[in-house]
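Asker: Need the 3D shape of this:
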Amino acid sequence: MQIENTCFSLPKAGNRKDEYEDAIGSSIFVSKDTAYYRFAIADGASESSFADIWADLLASGYCNGKFESKHIDKSVSKLSKAWKRKLNAKNLPWYAEEKLKSGAFSTLAGITYRLTDASTAGFDAVAIGDSCIFQVRGDKIIAFFPLSSVDDFHNRPVLISSNTANNTHLNMFVKKWTGTAQTGDTFLLMTDALACWILTRYEEDPSVIKKIQGLAGEHDFINLVQSERKLICRDGGFYLRNDDVTLIRVNLL
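Answerer: Model (predicted):
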C-alpha cells in the first residue's frame, strides 16, 4: 500500500496569507518493513497571541513524534518552552508582552498510518478540540472523529494552551481513535469550519464527497471555498463560515 496526499488552505475572506492561523504537518518514518506516515492539522484561536506559531508547533510536534497523547501535559510543556523561545527573539511592545501571559490556544488533530505490503493499514489518531478526521470509502463517510454530529460544532471547543497553567485538566479531553483502512480509502483532515460544512452538506447531498475527491489543485479549492461562503443554507446562515480553512486529503493506493 502507498499513500498520496494533497494539502489545501485558505485564510478568512478579507485576510492576507500571513494572517492565516491554521497549521499543517506531515512526516514519514521507516522502520524495518513498516512505514509510518503522520499528518496533523491545528487551528489557532484568533483571539489569542501568536496562535499561528503555537498551531504550527503542535502540528509539527505531532508529526515529529514529540506529542505523546498518554502524557499530554509533558508534551505540551516542551512545546510551550519552544513557543516562548520563538517569541523571546521578537522585539514586542509592552502590551503584546502582557497579552503573552495568557498564552496562545489551538486545537489539534493528528493521524499515524502503519503501512506494509498488505492491502490494509492500521492507524492511530488523536484529537483535542473540533478539528476533525473523516474516513471515506467510495463516496461515503464511514467514520468521523472526534465529534459525533454537526451540533457539536456549536459548543466551545477544548483548546491546548501554550500557558501550561491553562492545561490542568487537558488529559480528560484527549480523544483517541484506532482503526483499519483499506486500499482505496480516503481520509480528510479538516479544521472546524470546513468540517462543519462538509457534514452539513453531506446530510443534504452525499455527492459533496466527490467534490472534495475531485479537487485537482489550489484553484479548485479556492473556487469551492469562495462559492460555499456565499451560499445561504436553510437556517439563514452561510454554508461555510468565514474562517481559516485547512484540508489534508490522504489517499491510500
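Asker: Quick one: residues contacting Gly179.
Answerer: Neighbouring residues of Gly179 by C-beta atoms under 8 Å, 6 or more residues apart in numbering: 122-123, 125, 135, 143. All C-beta atoms are positioned from the backbone trio N, CA, C, and that covers glycine.
Asker: change it to 10 Å
Answerer: 111, 121-125, 135, 142-143, 145 (C-beta atoms under 10 Å, 6 or more residues apart in numbering).
Asker: can you map out the strands along the stretch 1-150 of the chain?
Answerer: For the stretch 1-150 of the chain, the strands defined by DSSP state E, counting those that start in this stretch cover 3-10, 22-31, 34-43, 105-106, 108-115, 120-128, 132-137, 140-145.
Asker: List just the one of those strands that sits closest to Trp197.
Answerer: Trp197 sits nearest to strand 132-137 of all the strands of the stretch 1-150 of the chain, at 10.9 Å, using C-beta to C-beta.
Asker: Return the most buried member of the strands of the stretch 1-150 of the chain.
Answerer: strand 105-106 (a mean of 26; mean count of other C-beta atoms under 10 Å).
Asker: helices or strands up against it?
Answerer: Under the contact definition 3 or more C-beta pairs under 10 Å, 6 or more residues apart in numbering; DSSP states H and E, strand 105-106 sits against strand 34-43, helix 51-63, strand 160-161.
Asker: Can you report how many residues neighbour Leu147?
Answerer: Residues contacting Leu147 under the criterion other C-beta atoms under 10 Å number 21.
Asker: coming back round to it: and the helices and strands packed on strand 105-106 as CSV, adding mean pLDDT and distance to Tyr239?
Answerer: Shown next, in CSV, are those (pLDDT from 0 to 100; distance: least, C-beta to C-beta, whole Å):
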stretch, mean pLDDT, distance to Tyr239
strand 34-43, 96, 19
helix 51-63, 96, 24
strand 160-161, 96, 28
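Asker: Report the separation between Thr107 and Lys74.
Answerer: Going from Thr107 to Lys74 by C-beta to C-beta, to the nearest Å gives 19 Å.
Asker: out of the two, which sits in the busier spot?
Answerer: Neighbours per residue (other C-beta under 10 Å) separate Thr107 from Lys74, with Thr107 holding more: 25 against 11.
Asker: now the more buried one, nearest residue through space, not along the chain?
Answerer: Gly129 (2.8 Å; C-beta to C-beta, 6 or more residues apart in numbering).
Asker: mind listing what that neighbour touches?
Answerer: Contacts of Gly129 by C-beta under 10 Å, 6+ apart are 42-43, 45, 105-109, 146-147, 156-160, 173, 175, 191-192.
Asker: again, 8 Å this time
Answerer: So Gly129 contacts 43, 106-109, 157-160, 192 (C-beta under 8 Å, 6+ apart).
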